[in-house]
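**Q** I would like to see how this sequence folds:
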Amino acid sequence: SGQAPSDGRTAEIPADAGARKSDDVASLMARARALSRKIDVVRADLDAASALIDQAVKLDPTNAEAWATRALVDWRYADSYLDRSPARFDAVRQHARQAMSIDPTNATAQFAQALALVLLNGNASTREAAVKMLEPLAESPDVDVDGLLSLSLLESSNLDKARAYLDRAESDAVQGRRDR
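**A** Presented below is the predicted three-dimensional model:
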């Protein structure tokens, strides 16, 4: 099994192999997200999430969602003060760029790229670029951009819009919505 027949024919791949691989990647990603989104996350959680994403990327290196999630887990190391090294910040940028190069329409890839732009670069032009990426995602059920969008707008001195997104983020948190 798994080998080509000896008569020169090629071995057939089961029709559901692609679906199984996709399900495996989705399962790995869900487990990684659950670990990395814990409120009281510790290094062991993020290490385990990283290992799961590494498996997902190995199974499907063209999965933009996996690369974007990898960028977000890398960011979580820094955000949780577990690893704020330049190498970790470079990994956030690199993985976000990889996700965007695979699928620039993927909401999680766009969010990861905007996160890298806003929080790792911090200049006015990158904040403006991030706002342009984030505003269309504000209604997406796939990512929660309100907090990052409000921060970007605050730093751009667009206080009214920033307040609106911040209020919405706070309302969602109080009501337990958008728990991503």
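
**Q** ranges for the helices of this structure?
**A** Ranges of helices in the chain, per DSSP state H, are 17-36, 43-59, 64-79, 86-102, 107-115, 124-134, 146-155, 159-175.

**Q** now mean neighbour count and distance to Ser140 too, for those, in CSV please.
**A** All C-beta atoms are positioned from the backbone trio N, CA, C, and that covers glycine. Output for these, formatted as CSV (neighbours: other C-beta atoms under 10 Å; distance: least, C-beta to C-beta, whole Å):
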stretch, mean neighbour count, distance to Ser140
helix 17-36, 16, 16
helix 43-59, 18, 21
helix 64-79, 24, 13
helix 86-102, 18, 15
helix 107-115, 26, 5
helix 124-134, 18, 10
helix 146-155, 21, 11
helix 159-175, 14, 13
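
**Q** okay if I get these as a markdown table plus mean pLDDT?
**A** Shown next, in a markdown table, are those (pLDDT from 0 to 100):
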| stretch | mean pLDDT |
| --- | --- |
| helix 17-36 | 87 |
| helix 43-59 | 97 |
| helix 64-79 | 93 |
| helix 86-102 | 95 |
| helix 107-115 | 87 |
| helix 124-134 | 76 |
| helix 146-155 | 59 |
| helix 159-175 | 64 |
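
**Q** what's the distance between Ala26 and Ala109?
**A** Plainly put, Ala26 is 16 Å away from Ala109 if you go by C-beta to C-beta, to the nearest Å.

**Q** how much space is there between Arg84 and Ala96?
**A** Arg84 is 17 Å from Ala96, by C-beta to C-beta.

**Q** hang on, I meant Val131
**A** 16 Å.

**Q** Ala32 touches Ile53, doesn't it?
**A** Yes. With contact defined as C-beta atoms under 8 Å, Ala32 reaches Ile53; the gap is 4.9 Å.

**Q** where do the contact lists of those two overlap?
**A** Thr69, Val73 (C-beta atoms under 8 Å, 6 or more residues apart in numbering).

**Q** could you measure from Ile102 over to Thr108?
**A** Ile102 is 11 Å from Thr108, by C-beta to C-beta.
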